[in-house]
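# make a model of this:
(2 chains)
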Amino acid sequence: MVDVSADKRTYRGGGAPAPAGLGAPVSHDLAAPRSRTAPSRVERDLRLDLFRGIALWLIFLDHIPSNIVSWITIRNYGFSDATEIFVFISGYTAAFVYGRAMRERGVVVASARILKRAWQVYVAHIFLFVIYLAEIAYVSRSFENPLFAEEMGIFDFLRQPDVTLYEALLLKFKPANMDVLPLYIVLLTTFPLFLWVLLRQPTLGLATSLLVYIAALQFDINLPAYPEGTWAFNPFAWQLLFAFGAWCAIGGAERLAGFMRSRVVLGLAVAYLLFAFAIVMTWYFPRAGYLVPKWMSDWMYPIDKTNLDVLRFVHFLSLAVITVRFVPREWPVLKSAWLRPAIICGQHSLEIFCLGVFLAFAAHFVMVQVSESVTAQVLASAIGIVLMVAVAWLLSWYKNIEGRSPGSRPPDADLAGGEA
Amino acid sequence: MRALAIALISALLCMSEAFAEAHDECAVAAHLVTADYALPQVATAIANKQLNIVVVGTASSLLAGPAGKQEAYPSRLEAALSKQLPGVKVKVTTYAKPRTTAEEMEKEIEHIVSTDKPALLIWQTGTVDAIRRVDTETFRSAIEDGIEAIQAGKSDVVLMNPQYSPRTESMIGVLPYAEAMRFVALQHEVPLFDRFAVMRQWVESGTFDFVEATKKIDTAEHVHQCIAELLGDLIVKAANMKGPGAPDHH
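From the prediction side, this is the model:
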């Protein structure tokens, strides 16, 4: 069948375009041994960092409620949103970095690193949760208005802090906008096993992932949430995108190269994006809803984000086809100062993601206190992104000074993929 | 005694002036309240001079305090409709239970429809589901089932989505639920009172300040009066529309 031998499992594209690019963060200690067949250097594929950085900005903008600037984000013009980009690229980089580690240092070492990363993400999530609790506790003490007696129900969670904290530690209680990190924690904890299969039988790995996805949809499999229901991002469904990213990283991209180059595929991708755009436009102009035939809306709706609807997945694939086509790996602009801010954000995705969640809270808080005008919304959005870039720059600087002190070069884990 | 009477009369005058003003303020959001679909049962009921309406909802269909039920929008709707429909006996009954999700309400709707036999059921929901983060699919299908039960019981339905509450907006993700209701309303061709959009419009145009912390109930009453007036307009307009199955009552 489809066993791709270790020799073919090169990490470089060999000139062939691949979804969201090839290559990924690479550390010095592990980069050397396998870099044979390639045009000389093993360089980070900056496209991964670039698009992950942009996805982080978009997620931040989308998380600020009633923010006019969020109209620029892709979720308003198609089925998928920044989450898909983010999950895919994270799967890609995770497989790239830990796949190399697994092959060169063994299953145990690689698994230990992956699980350490999962633990870091867990701690980061709990940290954000504490900030969330602090905010609702403050608002519950300072805000009272009989008109919003019903909305005050959100403070019920503070009435039984033991249960709330316990459920949060179990990742069952997740406040609004805090669903992505728990998804990553689950994806990472199961990643060692998946990666092990993927490195031996890539096709089997991907097929298993697809089966899990189909089973999750077919039998409504999801993890339980508190106080009721299930996870907002079903890990059994969303793992498909993460797994697909991982598969692309360990050689799948080359196998798709011909497919990605095909004009027919490009045409289909463009057509699908236009179709999605047209459908989404009918959501804003309800009168235009009549233009969507009944059979189509019956078949199409609801477009389910929880279970990564196929329509969303295909929308993401179409975006990837076009991106890979028009943003080549060697595009000189990638190295220009203009794209640097997004790229450094993408290189520190866990930290910048967490910062973005916090900044979205903070921006909304300030807007409510001071002004909700359009100017305030634009200003808050801009300041937030500037802060994200500044912190990313600071983190790069830290990494540099730590890397320079002799003997203290940390292993690749923190630069590694699998980052939130 | 006379001083007291004068004070009382002037207070009453001020109040009526306040209401006149309220009406203009409400109108800021009037363009967001559109009668997209007809209400044939309401039209029949108006023709028969007896209009019974039931409100099923949660705490935002009530107001706090002993007089809360009288001050909330359902009672004010009764008054507004009586004024707009002279000669028609209008009765609005409220079944509002705090902390109930759409799914929990849906289980009681069939019973309410069969015992009360209202011409119209106004279903206010969404906020509790958002607080409890009920799966939006579960929420949506509960509303769809509810609409079918209401229509099977020969009643019309108007959906009312959550309030816009800027202060809690980053903590309660209400928008997906408000949007789910917009979507279901379109799919099932029932009118929606888009309370979320209306209240947001009031904030954007500076009509009301929803961020202010206060124990006073006057803003709340004001808002409920506006909701009642706009909702009343919606019902009368939708009843006058000639939709599928609408009786020719002109």
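# phi and psi next, for the nearest residue to residue B:110 once chain neighbours are set aside.
By the measure of C-beta to C-beta, 6 or more residues apart in numbering or on different chains, the closest residue to residue B:110 outside its immediate chain neighbours is residue B:149, 4.6 Å from it. In this view, the C-beta of every residue, glycine as well, is placed from N, C-alpha and C. Torsion angles at residue B:149 (phi, psi; degrees, to the nearest 10) stand at phi -60, psi -40.
# same check, this time on residue A:173
phi -90, psi 120.
# what's it in contact with, if anything?
Neighbouring residues of residue A:173 by C-beta atoms under 8 Å, 6 or more residues apart in numbering or on different chains: A:157, A:164, A:167, A:225-227.
# any low-confidence regions in chain B?
Low-confidence segments of chain B (pLDDT under 70): B:1-23, B:243-250.
# same thing but 80
Applying pLDDT under 80 to chain B flags the ranges B:1-24, B:65-69, B:242-250.
# before we move on, back to that, near chain B too, which of the contacts of residue A:173?
Restricting those to those near chain B by C-beta under 8 Å from any C-beta of the partner chain leaves A:225, A:227.
# and the buried ones among the contacts of residue A:173, selectable in ChimeraX?
The buried residues among these can be selected in ChimeraX (16 or more other C-beta atoms under 10 Å in any protein chain shown) with this line:
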select /A:157,164,167,225,226
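# and which of the contacts of residue A:173 is nearest chain B?
Closest to chain B out of the contacts of residue A:173 is residue A:227 (5.2 Å), distances taken as C-beta to the nearest C-beta.
# sorry, back to before: the residue nearest to residue B:110 touches residue B:113, doesn't it?
Yes - using C-beta atoms under 8 Å, residue B:149 is in contact with residue B:113, at 6.6 Å.
# so residue B:92, which of the three states?
Per DSSP: H, G, I helix; E, B strand; the rest coil, the secondary structure class of residue B:92 is strand.
# and for it, the neighbour number?
23 (other C-beta atoms under 10 Å in any protein chain shown).
# residues contacting it?
Residue B:92 sits in contact with B:53-55, B:74-75, B:77-78, B:81, where contact means C-beta under 8 Å, 6+ apart.
# is the residue lying closest to residue A:381 once chain neighbours are set aside in a helix, a strand, or coil?
Once flanking residues are discounted, residue A:381 sits nearest to residue A:69: 4.0 Å by C-beta to C-beta, 6+ apart. The local conformation at residue A:69, judged by three-state DSSP, is helix.
# pipe the contacts of residue A:173 into CSV and attach pLDDT and secondary structure per row.
Compiled in CSV, the contacts of residue A:173 are given as follows (pLDDT from 0 to 100; DSSP: H, G, I helix; E, B strand; the rest coil):
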residue, pLDDT, secondary structure
A:157, 91, helix
A:164, 95, helix
A:167, 96, helix
A:225, 95, coil
A:226, 92, strand
A:227, 91, coil
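# distance of the residue nearest to residue A:381 relative to residue B:106?
According to C-beta to C-beta, to the nearest Å, residue A:69 stands 37 Å off from residue B:106.
# isn't residue B:223 up against residue B:208?
Yes - counting by C-beta under 8 Å, residue B:208 is a contact partner of residue B:223 at 6.3 Å.
# ok, those two, which is more surrounded?
residue B:223 (25 against 18).
# quickly list what's touching both of residue B:223 and residue B:208.
With C-beta under 8 Å, 6+ apart, residue B:223 and residue B:208 have common neighbours B:199, B:202.
# one step back: can you name the residues that contact the residue nearest to residue A:381?
So residue A:69 contacts A:61, A:377-378, A:381 (C-beta under 8 Å, 6+ apart).
# confidence score at residue A:253?
Listed pLDDT for residue A:253 reads 89.
# okay, and it sits in which element?
In this structure, residue A:253 is located in helix A:253-261 according to DSSP states H and E.
# how about that helix: buried residues?
In terms of neighbour count (16+ other C-beta under 10 Å), helix A:253-261 has its buried residues at A:253-257, A:260.
# turn those into TSV, including distance to chain B.
Converted to TSV, these look like this (distance: C-beta to the nearest C-beta, whole Å):
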residue	distance to chain B
A:253	34
A:254	38
A:255	35
A:256	32
A:257	38
A:260	33
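# are we agreed that residue B:55 is in a strand?
Yes - under three-state DSSP, residue B:55 falls within a strand.
# and it, what are its bridge partners?
Residue B:55 has the following beta-bridge partners by DSSP bridges: residue B:94, residue B:122.
# burial of it, as a residue count?
Neighbours of residue B:55 (other C-beta under 10 Å): 26.
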